[in-house]
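S.K.: take this sequence and fold it.
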Amino acid sequence: MNKQELEFNRNEDSMRLEVSHIKQYLAKIALGGGKKNIEKIKQRGKLTPRERIKYLTDEESAFIEIGVFAGYEMYEDEGGCPAGGTVAGVGYVSGRQCVIVANDMTVKAGAWFPITGKKNLRMQEIAMENLLPVIYLVDSAGVYLPMQDEIFPDKEHFGRIFYNNARMSAMGITQIAAVMGSCVAGGAYLPIMSDETLMVEGNGSIFLAGPYLVKAAIGESVDAETLGGAETHNAISGIADYKFKTDEDCLDQIKKIMAKLGSPLSAGFNRIPSILPKKNPEDIYRIFPADRTRPYDMLEIIERITDHSEFEQYKESYGKTILCGYARIDGWAVGIVANQRLTTKSKTGQMQMGGVIYNDSADKAARFIMNCNQKKIPLVFLQDVTGFMVGSRSEHAGIIKDGAKLVSAVANSIVPKITIILGNSYGAGNYALCGKAYDPRFIYAWPTAKIAVMGGEQAAKTLLQIQVSSLKKQGKKISEEEEKRLLTEITGRYDKQTTPYYAAARLWVDAIIDPVDTRHIISEGIAATNHAPVTARFNVGVMQV
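M.R.: The predicted structure is shown next:
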């Protein structure tokens, strides 16, 4: 076995181990609040949120779960909040692609943590950007009171959900709410602000104040069913539209409603019959280096995602540290912008490091983004970027100006953008290649992703210098051993904050995906974006600089 084959084998072993870790974490998260809590809801005749979604969505159709790692390792003192207490994603119901949000009643009775609010707002954002119908499967005790100050009063907190309900109604986006458990206090507005409300008898309830609070507030004794059960809201208040005996009956009615929706709008993105990649997508495991400092050819990754492994390069001989070009992914026409990780030679003969954005590559990518907007072709960004080139040569050549052109093009782009973070995503490179701040319609990470303002080693040494300098100013002497200990401590803390799990927990990315699923994930994302016509005019802004 030669040296290259050994490296490929190491790469494959490393990536398969990373993917195995994802599957282990997902299996644990899928248990929600644990087996005991699942058993309790089963005794009440309920399905779990994932069972509800599986029953609701079309057989053998794609369900792309969003935010499954939301809250991961964030609320350990509170007993955890798996998946942010909500199972959500984009799937198909009666052949119609839609957003589905299901409270997980096994996690603190479906109470809303801060990350729950952020996740629900993200799902509504996806629905509004892509004009997708929304189905809410409601089963929640309301705001998690011990953390109410972090979920209740601010602009992007709990109340924004209902603000979005109203906006979506004005936009003509269908919203269906199935109340399959508790729906309390402020949360009671969500189903009522939806277009149709369904309730399950015996389990579903809607009220601003539950029986205990009513007793405390006005002295009235009333049971939950009489106060706000399915019979009450169907026959007396008129708040609900349908009532059902079981979860399954309720979900069947949602399928019937969805089957009668009018045809969706279309952005008209070009699609032809799909052709599988000529090169095996599983080769990605072997190509992508286990050692993140090692170079690799991004073109080899692209050719394992695109139809027939074809990629028409734009300005192939110019700005070589960014690859730009046209391709098809599962039949969809796309424009791809990706960092090249091989060291290349510029037009002037200068060697350029892979993963770094130089003046010419920034200029090239900005022009390509403009072209895709002109042609209404969705953009796919593949990030493995360490940032913009620094130093006197780059500064004198106007790297800030060229970088501003690229960032402006990304910010002003009106065609949908889908971002995949393969490896490094550092500093302004994250922005220039459409990081979270630049409104990608969907953003995903491979398990090898690292998101940070700079590389771990650089950051740790910088932080160490600051800390040591501060201690010395206080008159404290730092031994070499103490410096090493501090460096190890800082590095460990920083490295943890750069993992894809840390990012996914905070919804900086929508999900962590198996690299071989990249093609499928992108295709489903473009299918979602195709519901929202592109009508605005691309604003060139500082592009004229």
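S.K.: Ile29 reaches Phe69, doesn't it?
M.R.: Yes. Judged on C-beta atoms under 8 Å, Ile29 makes contact with Phe69 at a distance of 7.3 Å. For the C-beta atoms, the positions are set from N, CA and C on the backbone; glycine is no exception.
S.K.: my read is Arg67 is in a helix, agree?
M.R.: No Arg there; residue 67 is Gly. No. Secondary structure of Gly67 (DSSP: H, G, I helix; E, B strand; the rest coil): coil, not part of a helix.
S.K.: what's the nearest residue to it if we skip its chain neighbours?
M.R.: Lys119 (4.5 Å; C-beta to C-beta, 6 or more residues apart in numbering).
S.K.: equivalent analysis for Lys450, please.
M.R.: Lys450 sits nearest to Thr498 (C-beta to C-beta, 6+ apart), 4.6 Å away.
S.K.: and for the one you found, the neighbour number?
M.R.: By other C-beta atoms under 10 Å, the residues close to Thr498 number 20.
S.K.: now it. Its backbone dihedrals?
M.R.: Note on Thr498: its backbone torsions stand at phi -100, psi 0 [degrees, to the nearest 10].
S.K.: who touches stretch 281-293?
M.R.: Under the criterion C-beta atoms under 8 Å, 6 or more residues apart in numbering, residues 7-16, 295-297, 300-301, 304-305, 422-424, 446, 448, 450, 515-516, 518-519 lie in contact with stretch 281-293.
S.K.: if you could redo that for stretch 18-26, that was the one I meant.
M.R.: Here stretch 18-26 makes contact (C-beta under 8 Å, 6+ apart) with Val68, Phe69, Tyr72, Pro447, Thr448, Tyr501, Ile512, Asp514, Pro515.
S.K.: could you rerun that using 6 Å?
M.R.: For stretch 18-26, contacts defined as C-beta atoms under 6 Å, 6 or more residues apart in numbering pick out Pro447, Ile512, Asp514.
S.K.: inside helices: which ones of those?
M.R.: Of the contacts of stretch 18-26, none are assigned to helices by DSSP state H.
S.K.: could I get those as a markdown table with pLDDT?
M.R.: Converted to a markdown table, the contacts of stretch 18-26 look like this (pLDDT from 0 to 100):
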| residue | pLDDT |
| --- | --- |
| Pro447 | 97 |
| Ile512 | 98 |
| Asp514 | 98 |
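S.K.: just give me the closest of the residues you listed to Ser221.
M.R.: Ile512 (49.8 Å; C-beta to C-beta).
S.K.: what's the neighbour count on the closest one?
M.R.: 26.
S.K.: who's in contact with it?
M.R.: Ile22, Ala445, Pro447, Pro500, Ala504.
S.K.: what's the burial count for the third one?
M.R.: Looking back up the chat, that one is Pro447. 20.
S.K.: and the first one, by the same measure?
M.R.: Applying other C-beta under 10 Å, we find 19 residues neighbouring Ile22.
S.K.: let me see the confidence value for it.
M.R.: Here, the pLDDT recorded for Ile22 equals 97.
S.K.: poorly predicted segments of the stretch 101-250 of the chain, please.
M.R.: 186 (pLDDT under 70).
S.K.: tell me which stretches of it form helices.
M.R.: 114-130, 159-171, 189-192, 211-218, 224-228, 230-231, 247-259 (DSSP state H, counting those that start in this stretch).
S.K.: how about the second one: buried residues?
M.R.: Neighbour counts over helix 159-171 (16 or more other C-beta atoms under 10 Å) mark Gly159, Arg160, Ile161, Phe162, Asn164, Asn165, Met168 as buried.
S.K.: do the same with the last one
M.R.: Of the residues in helix 247-259, Asp247, Cys250, Leu251, Gln253, Ile254, Lys255, Ile257, Met258 count as buried by neighbour count, 16+ other C-beta under 10 Å.
S.K.: got it, and the fifth one?
M.R.: By neighbour count with 16+ other C-beta under 10 Å, helix 224-228 contains the buried residues Leu227, Gly228.
S.K.: against which helices or strands is that helix packed?
M.R.: Contact here means 3 or more C-beta pairs under 6 Å, 6 or more residues apart in numbering; DSSP states H and E; on that basis helix 224-228 packs against strand 205-207.
S.K.: and stretch 190-202, how far apart are its ends?
M.R.: 20 Å (C-alpha to C-alpha, to the nearest Å).
S.K.: let me redo that: stretch 223-241
M.R.: With C-alpha to C-alpha as the measure, stretch 223-241 spans 22 Å from end to end.
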